[in-house]
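S.K.: test case, fold it:
(chains A and B)
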Amino acid sequence: MQVLSLVWGILSLVGMVVAFMPCLGSLNWLNIPFSVLGLIVSVIAISTAKAGKSKGPSIAGIVCCSIAVLFGLVRLVAGGGVL
Amino acid sequence: MLPFNCAVVAVKEMWLTHEVRKSFAIAWIVVSAGILVVFFALLLLPPNLMLNLAPHCQLKAQFNRECPMCGMTRAFVMISRGNFSAAVRANRGSLFLWVVFVANEAAILVFFRKHLWRIPARLVTKAIRRDSHTTDLEKGGVRCKS
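M.R.: Coordinates of the predicted model:
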């Protein structure tokens, strides 16, 4: 679950970077829900992590997904939802 | 400075652990698989369909100005047909991007050549183990030690 949340976070960031390219802003309509799902998975990963085990990857997943959601929203608004 | 120091310590502790390396490897494989799908689509699908699937540039439609990505789909279609000069004419950065994508695919084959060949073997071994486990249970309730 820890690995999954970090993978999800990395993929969200990759999607965010691609969606920052000109004319691909509408990709954020897919990337933001994907990142929100990643946030949920990361929160579940943190809550189900066993005591004594590192929670670092799931925290990183939360941070990456949050960045992707925030910047994706900013990009979506800046591009008027299409550009 | 305290939150910054805490963040630095957390990153140092987590950096390049087994889980992080595994996560980056999986993400890399997923992204490369996506690129491979695009390459195959360019080769197999008719060019008109690809051009219709690509998003239309809103900057060009609304303000009649070309963006840096304008003509990229056309250029990639040209490259897949072997027409490199027309691709460069369609978009100047297309050839560079195509080389980057091909280099990425080559790099993933080089880095994971051992693991990639092992994946099918592992899957077969797992399936055989699962199968033998279920047949043992059916025969006489022999319990698996693992």
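S.K.: just the pLDDT at residue 62, thanks.
M.R.: Just going to use chain A. What the model reports for A:Ile62 is a pLDDT of 91.
S.K.: wait, I meant chain B there
M.R.: Looking at B:Gln62, its pLDDT reads 77.
S.K.: B:Phe39 and B:Trp98 touch, don't they?
M.R.: No. Assessed by C-beta atoms under 8 Å, B:Phe39 is found out of contact with B:Trp98, at 9.3 Å. From N, CA and C alone the C-beta is placed, and that goes for glycine too.
S.K.: who in chain B is up against chain A?
M.R.: Applying C-beta under 8 Å from any C-beta of the partner chain, we find that chain B lies next to chain A at B:10, B:13-14, B:17, B:19-20, B:22-24, B:26-27, B:30-31, B:55, B:57-59, B:67-70.
S.K.: so where do the helices sit in chain A?
M.R.: A:2-19, A:28-48, A:56-78 (DSSP state H).
S.K.: mind checking the end-to-end distance for stretch B:36-55?
M.R.: 20 Å (C-alpha to C-alpha, to the nearest Å).
S.K.: residues from chain A in reach of chain B?
M.R.: A:2-3, A:6-7, A:10-11, A:14, A:21-24, A:26, A:54, A:56-57, A:59-60, A:82-83.
S.K.: which ones are touching B:Val30?
M.R.: Shown in contact with B:Val30 (C-beta atoms under 8 Å, 6 or more residues apart in numbering or on different chains): A:Val7, A:Leu11.
S.K.: filter the residues of chain B next to chain A down to the buried ones, ChimeraX style.
M.R.: In ChimeraX syntax, the buried subset of these is picked out as below (16 or more other C-beta atoms under 10 Å in any protein chain shown):
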select /B:14,19,20,23,26,27,31,57,58,59,67,69,70
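S.K.: what pLDDT does the model give the closest residue to B:Ala75 other than its chain neighbours?
M.R.: Spatial nearest neighbour of B:Ala75, chain neighbours left out: B:Ser94 (3.4 Å); criterion: C-beta to C-beta, 6 or more residues apart in numbering or on different chains. pLDDT for B:Ser94: 89.
S.K.: show me the strands in chain B, by range?
M.R.: In chain B, no strands are defined using DSSP state E.
S.K.: show me the domain layout of it.
M.R.: What automatic domain parsing lists as the domains of chain B is B:2-111, B:114-146.
S.K.: what about B:Arg130, how many neighbours?
M.R.: With neighbours defined by other C-beta atoms under 10 Å in any protein chain shown, the count for B:Arg130 comes to 11.
S.K.: quick one: least confident helix or strand in chain B?
M.R.: Ranked by mean pLDDT, DSSP states H and E, the weakest helix or strand in chain B is helix B:2-14, scoring a mean of 63.
S.K.: what residues does the nearest residue to B:Ile26 once chain neighbours are set aside make contact with?
M.R.: Excluding its sequence neighbours, the residue lying closest to B:Ile26 (C-beta to C-beta, 6+ apart) is A:Val7, at 4.8 Å. Shown in contact with A:Val7 (C-beta under 8 Å, 6+ apart): B:Ser23, B:Ile26, B:Ala27, B:Val30.
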